[in-house]
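*Asks:* A structural model of the following input is requested.
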Amino acid sequence: MTTGLLTAVDLTDPATFLGGDLYAMWRRFRTESPVHWHPVDGPVPGFWVLSRYADVMAVYRDNERFTSEKGNVLATLLAGGDSAGGKMLAVTDGRRHREIRNLLLKPFAPRALAGVVAGVRRRTDRLVAEAVERGTVDFARDVAEQIPMATIADLLGVPPDDRPYLLTLTKQALSSEEAGQTAEDSRLARNELLLYFADLAEERRARPTDDVISVLATSAIDGTPLSDEEIVFNCYSLIIGGDETSRLSIICGLLALIEHPDQWRALRRGDVPVDSAVEEVLRWVTPGMHFGRRAVTDVVVGDAVIRAGEVVTLWNSSANFDEAVFAEPDRFNLGRVPNKHVSFGYGPHFCPGAYLGRAEIHAVLTALSTAVADAVISGPVLPIHSNFLHGVSSLPVTLRPDRDGLARLRSAH
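*Replies:* Below is the predicted model of the structure:
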């Protein structure tokens, strides 16, 4: 690939991320066109692509000259805006962002989540033990899908019978397990999620419990209750954010361990701390490939002038492999320290569920390294189709048990 050929790369097309050497592609962007103009046909003429860690971090920090309120992913930014702007935490800036974020800090604080995290460990140990005893499973569907969705659904107060339906909708809203899903399919899935939470919020307003939906439905800012739209949009954001990052990191984390047996052995021997392994899985997978902003004023980034109103995309999937920050970035190294990845974003919009997401991945890595002696791929690995999310939807594996470890896992609870 030459500099000129970078203009042929279509970052709006999910197919771009399904083949080829993506590490090499992003290295070319960082080296040859780190502040790159990407034209498109649509309501906006194109968007800027930032691929260097320093530039990505600078924009994440700057919520005065760059706004999220016009959208924070390509799908909405290129459509000209986000209907949730100014109402949903992820696409709200300034004082209102701080006020809504403060409402959510308490239920998502580490102390408040202690019991939830204990439940995550119990659920994870049970699921991994059952998978090991079965021998051959689809790790994505039989284990990984059952952990984050159940956890965030518990926090939100979603009835257990509704969770499979919500999982299907969250997948359709941001990505697809098959090629050919249309923008209309995604829009319909998002609308279904919003309608579902509108009904649930109405129930909680009338009969509040101790869940996060009840917190949103009964809270007020400066004496004024949150609007129905604010409640529903933030429920939508929490269910999407609480499921996708952890689920895809868990699935692809096991895939990376299988593909790098030296790191699998190091984890099992205890040569690397599970905490650092969690961070490397998050960096390596980078489930949220990009986020976006719109410039409020003219801003110089690198050798380019980004004009007011123009769309800027921040590519975590490049920043997390920037040679200027990460030694041997293309090497999967569970002992990597420091590891200041941007998989949860950074700055004012840093993911409020980061602590919980880390706890979920930690629980899975701990259970796997305890109960599984070896794992091999046993069928086709199916990637998801998305220009936003990176991961796989199906990971068939055969797990060979560590009998002593499996017994310890079973007896731990």
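
*Asks:* In contact with the residue nearest to residue 354 when sequence neighbours are not counted, which residues?
*Replies:* Excluding the flanking residues, the one nearest residue 354 by Cβ to Cβ, 6 or more residues apart in numbering is residue 344, at 4.4 Å. Where C-beta positions appear, they are placed from N, C-alpha and C, glycine not excepted. Applying Cβ atoms under 8 Å, 6 or more residues apart in numbering to residue 344 gives the contacts 245, 282, 350, 351, 354, 357.

*Asks:* What is the burial count for the closest residue in space to residue 105 that isn't next to it in sequence?
*Replies:* Among residues not flanking residue 105 along the chain, residue 352 sits closest, at 7.0 Å (Cβ to Cβ, 6+ apart). A count of nearby residues for residue 352, using other Cβ atoms under 10 Å, gives 21.

*Asks:* So residue 352: helix, strand or coil?
*Replies:* Judged by DSSP: H, G, I helix; E, B strand; the rest coil, the three-state class of residue 352 is coil.

*Asks:* what's the pLDDT at it?
*Replies:* Here, the pLDDT recorded for residue 352 equals 93.

*Asks:* same thing with residue 244?
*Replies:* pLDDT at residue 244 comes out at 88.

*Asks:* what does residue 1 give?
*Replies:* Looking at residue 1, its pLDDT reads 36.

*Asks:* re earlier: could you identify the buried members of the contacts of residue 344?
*Replies:* 245, 282, 351, 354, 357 (16 or more other Cβ atoms under 10 Å).

*Asks:* Just the element for the last one, please.
*Replies:* So that's residue 357. Counting by DSSP states H and E, the element that carries residue 357 is helix 354-371.

*Asks:* Please name the nearest non-neighbouring residue to residue 350.
*Replies:* residue 344 (6.0 Å).

*Asks:* which ones are touching the residue nearest to residue 105?
*Replies:* 89, 101, 104, 105, 108.

*Asks:* So which of those residues wins on neighbours?
*Replies:* For these, the largest neighbour count, defined by other Cβ under 10 Å, is 23 neighbours, found at residue 89.

*Asks:* need the contact list for that one.
*Replies:* Residue 89 neighbours (Cβ under 8 Å, 6+ apart): 97, 100, 101, 104, 234, 237, 352.

*Asks:* ok, now residue 215?
*Replies:* Applying Cβ under 8 Å, 6+ apart to residue 215 gives the contacts 103, 104, 106, 107.

*Asks:* Shouldn't it be within a helix?
*Replies:* Yes. Remark: residue 215 belongs to a helix, assigned using three-state DSSP.

*Asks:* mind checking pLDDT for it?
*Replies:* Confidence score, pLDDT, at residue 215: 93.

*Asks:* From residue 325, how far out is it?
*Replies:* Separation of residue 215 from residue 325 (Cβ to Cβ, to the nearest Å): 37 Å.

*Asks:* Same check on residue 127?
*Replies:* Distance from residue 127 to residue 325, by Cβ to Cβ: 35 Å.

*Asks:* So between those two, which is more surrounded?
*Replies:* More crowded of residue 127 and residue 325, by other Cβ under 10 Å: residue 127, with 22 against 18.

*Asks:* Thought residue 141 was touching that one, still the case?
*Replies:* No. Look at residue 127 against residue 141 with Cβ atoms under 8 Å: they stay out of range, at 11.2 Å.

*Asks:* quick one: the helices in the stretch 151-300 of the chain?
*Replies:* Applying DSSP state H, counting those that start in this stretch to the stretch 151-300 of the chain gives helices spanning 163-174, 183-206, 212-218, 228-259, 261-269, 274-285.

*Asks:* remind me which residues of this structure are low pLDDT?
*Replies:* 1-4, 175-181 (pLDDT under 70).

*Asks:* which stretches of it form strands?
*Replies:* Here the chain has its strands, by DSSP state E, at 35-39, 46-50, 66-67, 136-138, 220-221, 224-225, 290-295, 299-301, 304-306, 311-315, 372-377, 382-383, 392-394, 396-401.

*Asks:* Which one of those lies nearest to residue 258?
*Replies:* If you check each of the strands of the chain against residue 258 by Cβ to Cβ, strand 372-377 wins as the nearest, at 5.3 Å.

*Asks:* Which positions in the closest one come out as buried?
*Replies:* In strand 372-377, counting by 16+ other Cβ under 10 Å, buried: 372, 375.

*Asks:* Which neighbouring elements make contact with that strand?
*Replies:* helix 228-259, strand 396-401 (3 or more Cβ pairs under 8 Å, 6 or more residues apart in numbering; DSSP states H and E).

*Asks:* Adding distance to residue 301, write those out as JSON lines.
*Replies:* Output for the helices and strands packed on strand 372-377, formatted as JSON lines (distance: least, Cβ to Cβ, whole Å):
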{"stretch": "helix 228-259", "distance to residue 301": "26"}
{"stretch": "strand 396-401", "distance to residue 301": "43"}
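
*Asks:* Mean neighbour count, the ones you listed: which tops it?
*Replies:* Of all those, helix 228-259 has the most neighbours on average by mean count of other Cβ atoms under 10 Å, namely a mean of 24.

*Asks:* Out of the contacts of residue 352, which comes closest to residue 290?
*Replies:* residue 89 (18.5 Å).

*Asks:* Spatially, what comes nearest to that closest one if we skip its sequence neighbours?
*Replies:* Leaving aside its sequence neighbours, residue 89 sits nearest to residue 100 (Cβ to Cβ, 6+ apart; 5.0 Å).

*Asks:* what do you get for residue 225?
*Replies:* Nearest one to residue 225, counting by Cβ to Cβ, 6+ apart, is residue 219 at 7.1 Å.
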